[in-house]
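Undergrad: Quick one: sequence plus predicted model below, questions after.
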Amino acid sequence: MKENNIIQIKSYEFALNIITLYQKIAKEKKEFVLSKQLLKSGTSIGANVEEAIGGQSKKDFIAKLSIAYKEARETHYWLRLLTDSDYIDNPVSNKLTKDIVEILKIIGSILKTMKMN
């Protein structure tokens, strides 16, 4: 994969948005447990994408990207939970949910393609 591909860009930008959200929840809502889980999984997606790109083999690439996919699913869970418990406002939640669903689709498509080849 080439440098600065779409999943690198989207996962990095998503991580920045998650960091901002975590800071807001911690400051305004004084909630640290659930939001910390969101922070961990939401920033881990991009880290695992980077590891996948630096993978030493196709198998390594698929393994790391599969972890990124799992982290994205976990992030989606924490977003839903924080939204439904009123820690995140709907406009923010809608944007981040749209972003994470897009990331899941991209990673899923890459994994499907890689496994077929």
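TA: Thanks, I have the structure now.
Undergrad: Endpoint to endpoint, stretch 23-39 covers what distance?
TA: For stretch 23-39, the separation between the terminal residues is 9 Å (Cα to Cα, to the nearest Å).
Undergrad: which of the residues in it are buried?
TA: 25, 34, 35, 37, 38, 39 (16 or more other Cβ atoms under 10 Å). Backbone N, C-alpha and C define where each C-beta goes, glycine included.
Undergrad: Would you mind checking which of the residues you listed is nearest to residue 70?
TA: residue 37 (13.8 Å; Cβ to Cβ).
Undergrad: Show me where this structure has its helices.
TA: Under the criterion DSSP state H, helices of the chain are mapped to 6-24, 33-53, 58-84, 90-116.
Undergrad: chain center to the last one: distance?
TA: When you say that, I think you mean helix 90-116. Taking the mean C-alpha point of helix 90-116 and that of its whole chain, the gap between them comes to 8 Å (Cα atoms, centre = their mean, to the nearest Å).
Undergrad: now the angle from it to helix 58-84?
TA: The directions of helix 90-116 and helix 58-84 differ by 160 degrees, with axes from the mean of the first three to the mean of the last three Cα atoms, to 10 degrees as the criterion.
Undergrad: Helix 90-116 packs against which elements?
TA: Contacts defined by 3 or more Cβ pairs under 8 Å, 6 or more residues apart in numbering; DSSP states H and E place helix 90-116 against helix 6-24, helix 58-84.
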